[in-house]
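> Here is the input, now give the coordinates:
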Amino acid sequence: MKIAMANDHAGTSMKNEIKAYLEAQGHTVVDFGAYDEQSCDLSDFVLPAALAVAKGEVDRGSLSTASAMARR
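Below is the predicted model:
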């Protein structure tokens, strides 16, 4: 399966852990960033990932964000 991933600065560590797991399971991950923990605008990374899902360029999408982590 081909999976788009994106995150904000607070979700970088979580995304990287999930990404490593998915790749170990044989999935292809397309990483749209963010790539570090510097403050950033979530929409800069989520929009391209969402568009890839909508266009059928990937099968699924996963977003790791501070707001999502607060809801755990």
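> Poorly predicted segments of this protein, please.
Where the chain drops to pLDDT under 70, the residues are 68-72.
> And the strands in it?
2-7, 28-31, 60-64 (DSSP state E).
> Okay, buried residues for the last one please.
Right, strand 60-64. Going by neighbour count (16 or more other Cβ atoms under 10 Å), the buried part of strand 60-64 is 61-64. In short, each C-beta sits where N, CA and C put it, glycine included.
> would you turn the strands of the chain into CSV with distance to residue 17?
What follows is the strands of the chain, written out as CSV (distance: least, Cβ to Cβ, whole Å):
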stretch, distance to residue 17
strand 2-7, 11
strand 28-31, 12
strand 60-64, 9
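> Quick one, which of those strands gets closest to residue 41.
Closest to residue 41 of those, according to Cβ to Cβ: strand 2-7, at 11.6 Å.
> List the buried residues in that closest one.
Across strand 2-7, burial judged by 16+ other Cβ under 10 Å covers 3-7.
> In CSV, list those along with distance to residue 32.
Converted to CSV, the buried residues of strand 2-7 look like this (distance: Cβ to Cβ, whole Å):
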residue, distance to residue 32
3, 11
4, 6
5, 7
6, 4
7, 8
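> picking that back up, so for residue 51, which of the strands of the chain sits nearest?
Residue 51 lies closest, by Cβ to Cβ, to one member of the strands of the chain: strand 2-7, at 9.0 Å.
> quick one, that closest one and strand 60-64 angle?
Angle of strand 2-7 versus strand 60-64, following axes from the mean of the first three to the mean of the last three Cα atoms, to 10 degrees, is 20 degrees.
> what's strand 2-7 in contact with?
Applying Cβ atoms under 8 Å, 6 or more residues apart in numbering, the contact partners of strand 2-7 are 14-15, 18-19, 22, 27-34, 42, 45-46, 48-50, 52-53, 57-65.
> mind redoing it with 6 Å?
Strand 2-7 has contacts (Cβ atoms under 6 Å, 6 or more residues apart in numbering) with 15, 19, 22, 27-32, 34, 45-46, 49, 52-53, 58-64.
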